[in-house]
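1. Sequence first, predicted coordinates after that:
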Amino acid sequence: MRQRDDMLMNLEEEKSKILDEVCALQTRLESQTRISGSLQYKLQMCNQALAHEESRRKLLEVQVSESKACYENVFVECQEAKSKIESLSVRRDDEIAHLRNLLGTKETLFKEAEYRREYLEQENQELRKSLKEFQEAQIKEAGSVSSLAKLRNKLKGLEQVHKDCLAKYNAQETEWSSQMKNIIADLNQCRSELECKDRQIQELQIDLENCHSSILQLKLQNEEMHVMLTVYKCGLSDAHSTKPVVEVELLNKEVQEKIVLLTEQLDQKNIALVKAHDMIEHEREIAVSLMRKVELLDPFEHKYLMTLKELENYKKMLEESSVQQ
């Protein structure tokens, strides 16, 4: 009996131990199940975050591709603008050289005209003096009253012709002096405007060089963005194991901000190039206008030559009158 009771007690103890172990295992199983569910949820969230980051990565690739295409277009436009500015600069230099030659020619003609006017005036005075001496000599040599009266009448007529010629000459000289003053003022204004436009074109060339340096800097930034995007692609695959989601989002945000900044800088440089091109076209139109203004001075030169011919005719008339006397 006692042995049987001991055996029953042992069995009860073993049964109790087994039940305790079963309860412990069940508790442990439930804990593992909860942990597994939590891990499953975290894994699902990580997969969603990775899918979201993958879509954002593809969007970044598209944006970088568009930025690269935009940069290439801007670079091509910059090259075209540079070649056009160089051709315009050559053309501007030729036009300025032509204008300076015209100005030099006008100044030379003006100096020659001034010298010739002084020479004609001096010659006219000498001619008047000689004519007066000749008339006095003829009057002294005249023997009769009738010939003296005729000589006096001729002298009066000659003096009247001389007064008319002198009045016409003075009127022409006054008109010519006024025209020459206007021409000199226009030439000085053209010269100052040309110098001002030359300085403005030099400033535009400096701005264009600054645009070139900025575009080169943007190119370096674009290459840096490509490198960062490659590193970002490599780091995105193990973002769950190596970096927290918050850090990945910060990196993504930084890349996006740099892409937006790069796009804005490209747009600004493009606008600056367009403005520089418009300003150069405007300066070219002004240079053409100045060229036309200088060409308009040619009729005044022709008129001056006609005035000189008139003076020569008056001189011949005086000489003929002297011969007839």
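-> Thanks, I have it.
2. Which parts of the chain are helices?
-> With DSSP state H applied, the chain shows helices at 2-141, 145-237, 239-242, 245-295, 298-324, listed in chain order.
3. hey, least reliable of the ones you listed by pLDDT?
-> Looking at those, the lowest mean pLDDT belongs to helix 239-242 (a mean of 48).
4. Near Glu86, how many residues? Count them for me, please.
-> 12 (other C-beta atoms under 10 Å). Using the backbone N, CA and C atoms, a C-beta is placed for each residue, glycine as well.
5. got it, and Leu99?
-> Leu99, neighbours per other C-beta under 10 Å, totals 20.
6. do Tyr71 as well
-> For Tyr71, the tally of surrounding residues (other C-beta under 10 Å) stands at 21.
7. any idea how far it is from Leu29?
-> 61 Å (C-beta to C-beta, to the nearest Å).
8. go on, Arg57?
-> Look at Arg57 and Leu29: by C-beta to C-beta, they are 41 Å apart.
9. who's more crowded, the two?
-> Ranked by neighbour count (other C-beta under 10 Å), Arg57 and Leu29 place Arg57 first, with 17 against 10.
10. And the more buried one, how far from Glu66?
-> Where Glu66 is concerned, Arg57 sits at a distance of 15 Å (C-beta to C-beta).
11. ok, now Thr105?
-> 57 Å.
12. contacting residues for Glu126?
-> By C-beta atoms under 8 Å, 6 or more residues apart in numbering, no residues touch Glu126.
13. quick one: it and Glu14, what's the gap?
-> Separation of Glu126 from Glu14 (C-beta to C-beta): 160 Å.
14. again with Gln44
-> Applying C-beta to C-beta to Gln44 and Glu14 gives a distance of 44 Å.
15. same thing with Glu195?
-> On the measure of C-beta to C-beta, Glu195 and Glu14 end up 116 Å apart.
16. Tell me the buried residues in stretch 100-116?
-> For stretch 100-116, a neighbour-count test (16 or more other C-beta atoms under 10 Å) marks Leu102, Leu103, Lys106, Leu109, Phe110, Ala113 as buried.
17. Stretch 70-88 too?
-> Here stretch 70-88 shows Cys70, Tyr71, Val74, Phe75, Cys78, Ala81, Lys82, Ile85, Leu88 as buried, counting by 16+ other C-beta under 10 Å.
18. ok, of those, which one's closest to Glu203?
-> Ile85 (12.5 Å; C-beta to C-beta).
19. What separation do you get for the closest one and His282?
-> 13 Å.
20. same question, Glu193
-> 13 Å.
21. The two: who's more crowded?
-> Glu193 (15 against 12).
22. ok, so what distance separates that one from Ile96?
-> Glu193 is 11 Å from Ile96, by C-beta to C-beta.
23. Could you do Thr105 as well?
-> Thr105 is 15 Å from Ile96, by C-beta to C-beta.
24. How about Met7?
-> 127 Å.
25. Cys196 now?
-> 12 Å.
26. So which of those two has more stuff around it?
-> Ile96 (18 against 12).
27. Report the contact partners of Asp94.
-> Neighbours of Asp94 in contact, by C-beta under 8 Å, 6+ apart: none.
28. Could you report the separation of it from Leu25?
-> 100 Å.
29. And Glu54, by the same measure?
-> Counting by C-beta to C-beta, the gap from Glu54 to Leu25 is 42 Å.
30. again with Arg100
-> 107 Å.
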